[in-house]
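J.: Give me coordinates for this.
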Amino acid sequence: MMCPACHTGEAVSHVFLGYLPCKVCQNKGVSPPDKGVEFTSDSIKEERKAFPDDITSHHRKGSLNKRWVDVYGEEKARQYGYTENEIKNAKHVYSGDDTYYKE
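T.: All right, here's what the predicted structure looks like:
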């Protein structure tokens with residue numbers, strides 16, 4: 001496959017990112033993306049800020065989210081298969097810096 005930047009050199013294959021610019025382009029400073037670009041409207045971004053509890057996950061890295069339990073209740077957590085001990089030991093898994101959009 002040809003380089004996506006210069007279209008002359010041989011593209012470098014990456015397991016997760018796919019085809020990247022050739023070695024010559026990489027040496028010139030054309031670097032692969034470090035994270036994906038989010039294509040969404042401003043109204044969706046504003047709704048995510050206004051209703052953060054609607055997009056909060058019930059768990060993170062194996063820990064039950066205390067905020068989610070507070071919003072949706074212990075009965076809903078039981079319906080999701082969490083035990084009484086997990087519900088009792090739920091903790092806040094998102095810090096203040098971990099919001100979807102920074103203020």
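J.: Give the next helix or strand downstream of the lengthiest helix in the chain.
T.: Using DSSP state H, we find that the single longest helix of the chain is helix 42-50. Per DSSP states H and E, helix 42-50 leads on to strand 59-60 as the next helix or strand towards the C-terminus.
J.: pLDDT on that next one, on average?
T.: Strand 59-60 carries an average pLDDT of 84.
J.: So what are the sheet partners of that strand and their directions?
T.: Sheet pairing for strand 59-60, assigned by DSSP bridges, gives strand 63-64 (antiparallel).
J.: Could you export the longest helix of the chain as PDB, CA atoms only?
T.: Extracted C-alpha coordinates of helix 42-50, given in PDB (Å, rounded to 0.1, in the frame of the first residue of the first chain):
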ATOM      1  CA  ASP A  42     -22.300  21.100  19.100                       C
ATOM      2  CA  SER A  43     -25.900  20.300  20.300                       C
ATOM      3  CA  ILE A  44     -24.800  16.800  21.200                       C
ATOM      4  CA  LYS A  45     -21.800  18.100  23.100                       C
ATOM      5  CA  GLU A  46     -24.000  20.500  25.000                       C
ATOM      6  CA  GLU A  47     -26.400  17.700  25.900                       C
ATOM      7  CA  ARG A  48     -23.600  15.600  27.200                       C
ATOM      8  CA  LYS A  49     -22.600  18.500  29.500                       C
ATOM      9  CA  ALA A  50     -26.200  19.100  30.600                       C
END
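J.: That one: which residues count as buried?
T.: For helix 42-50, a neighbour-count test (16 or more other CB atoms under 10 Å) marks nothing as buried. Where C-beta positions appear, they are placed from N, C-alpha and C, glycine not excepted.
J.: Distance from that helix to the middle of the chain?
T.: Here the centre of helix 42-50 is set off from its chain's centre by 16 Å, with CA atoms, centre = their mean, to the nearest Å.
J.: What is the neighbour count of Q26?
T.: 16 (other CB atoms under 10 Å).
J.: Which of the helices or strands spans it?
T.: Short version, using DSSP H and E: Q26 is in helix 23-28.
J.: averaged over its residues, what pLDDT does that helix have?
T.: 85.
J.: burial count for S41?
T.: Neighbours of S41 under the rule other CB under 10 Å: 8.
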